[in-house]
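In: Quick one, what's the 3D model for this:
(one chain, ligands or ions: 1)
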Amino acid sequence: LFRCIILGVYFINMDFSITILGASSALPTANRFPSAQVVKHNESIFLIDCGEGTQMQLRRNKISLLKINHIFISHLHGDHYYGIFGLLTSMNLLGRKKELHLYAPPELRRILNYIWKQTGIQLLYEVVFHVHNYSGFNLIADCKHMQVFSFPLSHSKQNCGFKFCEKQSVANIRKDCIERFELGIVDVRRIKAGAGIYLIDGTYIDNKELTHHAPEPRTYTYCSDTVFVESLNTVIGNTDLLYHEATFAGEANDLAIATGHSTSIQAAHVAKQLSAKALILGHFSTRYTDVGFLQQEAETIFKPVFLAEDNAEFAINRITRATVQVK
Ligand SMILES: [Zn+2]
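Out: So this is what the prediction gives:
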């Protein structure tokens, strides 16, 4: 029984996770690819940013190229999108027919059309283009189990962050109640939608007594690249897990402002502001070969802090909404 429980928790943990494909800023290094990451939720796979080498990293992490139906490009600095040309071409070569949703700055459509024209490529599938709106908190993708919102960041190029909000799952009806109250299909449907029931003697049984409480929906927020944004919580609300760029160490504050980036300390302050349960630091400057001290700096402000090492995977627990590193 103990073994079953452990396995059960493991599977529950796995259904909302983030895999880091790359988190180097500007240049790739021997150990780090530029920005790209995958959000897995149940059967859905969302790709955020698509730096050079994303295809190889997808293969290394055994993520099927054809299962990606939504790609989110934060902004048009090359380290966040130079991998898109190869990825979309490979999807074509692999025989993709299904439409692909691309959420990106408007210029990317022109860039892609130019590339297809110059290379003579005719895509056999439709790319549905969703252009970023750089003001406010906007619902950009409304999927079966997940909603994705965009919000503006403050960088040297127009840039959007993304918030992934799991939809509230339907409450599970208690099996013993089905027998005890002889519930039919219509009753079950109504109870799942939140209703209570009246017994023949007029007693009212509240929905809470008929169902197992559905866990609170989980959220994941992606912030790259940006200077420190004051009061981001007033725009996007709280989040369970936050990925935030930490291009520089705490002492490089002036350099961070001059280049439109953040320090590890500022990333920790944003995590605190958003009441996050965990923070992942990424988008590391190539000047740092060992980024462990960025984690230590951030942990003086906020805990726990993880590092976005290539191929690391983080899962958000369904019950506690805490983050664990899976690999
Ligand atoms: Zn940038």
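
In: Now C177: phi and psi?
Out: C177 adopts backbone torsions of phi -70, psi -30, taken as degrees, to the nearest 10.

In: tell me the contacts of the residue nearest to it when sequence neighbours are not counted?
Out: Once flanking residues are discounted, C177 sits nearest to L210: 4.9 Å by C-beta to C-beta, 6 or more residues apart in numbering. Using the backbone N, CA and C atoms, a C-beta is placed for each residue, glycine as well. Residues near L210 by C-beta atoms under 8 Å, 6 or more residues apart in numbering: I173, R174, C177, F181, I191, G196, I197.

In: Pull out the buried members of these.
Out: Buried members of these, scored by 16 or more other C-beta atoms under 10 Å, are I173, C177, I191, I197.

In: now, which of those lie within strands?
Out: In this view, the buried ones among the contacts of L210 that belong to strands under DSSP state E are I173, I197.

In: now, which of the buried ones among the contacts of L210 sits nearest the ion?
Out: I173 (48.4 Å; C-beta to the ion).

In: Read off the pLDDT value for that closest one.
Out: Looking at I173, its pLDDT is 85.

In: Tell me the bridge partners for it.
Out: Taking DSSP bridges as the rule, I173 bridges to T211.

In: L102 too?
Out: Here L102, judged by DSSP bridges, has bridge partners I71, F129.

In: which parts of the stretch 151-300 of the chain sit against the ion?
Out: With C-beta under 5 Å from the ion as the criterion, the stretch 151-300 of the chain meets the ion at residues D225.

In: which residues in the chain form helices?
Out: Secondary structure of the chain (DSSP state H): helices at 2-14, 54-60, 84-93, 107-119, 175-180, 185-192, 207-210, 233-236, 253-259, 264-273, 292-299.

In: just those: most buried one?
Out: Stretch with highest mean neighbour count among those: helix 264-273 (a mean of 24; mean count of other C-beta atoms under 10 Å).

In: can you pull the contacts of F162?
Out: Counting by C-beta under 8 Å, 6+ apart, F162 touches I48, F72, S74, V148, F149, S150, F151, T221, Y222.

In: That one: what's its closest spatial neighbour, skipping adjacent residues?
Out: The shortest distance from F162 to any non-neighbouring residue, by C-beta to C-beta, 6+ apart, is to Y222 (4.7 Å).

In: Beta-bridge partners for that neighbour, please?
Out: F162, Y243.

In: ok, now how distant is it from F302?
Out: 17 Å (C-beta to C-beta, to the nearest Å).

In: quick one on the thing from earlier: neighbours around the residue nearest to F162, how many?
Out: Counted with other C-beta atoms under 10 Å, residues neighbouring Y222 total 28.

In: try S64
Out: When neighbours are counted by other C-beta under 10 Å, S64 registers 10.

In: Number the chain from 427, please
Out: Sure thing, new numbering starts at 427, so read that last one as S490.

In: Widest-spaced pair of the buried ones among the contacts of L636?
Out: The span of the buried ones among the contacts of L636, defined through C-beta to C-beta, is set by I599 and I623 at 11.0 Å.

In: shared neighbours, those two?
Out: In contact with both I599 and I623: L609, I617, L636, using C-beta under 8 Å, 6+ apart.

In: For the residue in the chain positioned nearest to the ion, give me its contacts.
Out: Nearest to the ion in the chain, going by C-beta to the ion, is H503, at a distance of 3.4 Å. Residues in contact with H503 (C-beta under 8 Å, 6+ apart) are K583, D651.

In: where does it land on pLDDT?
Out: We have a pLDDT of 97 for H503.
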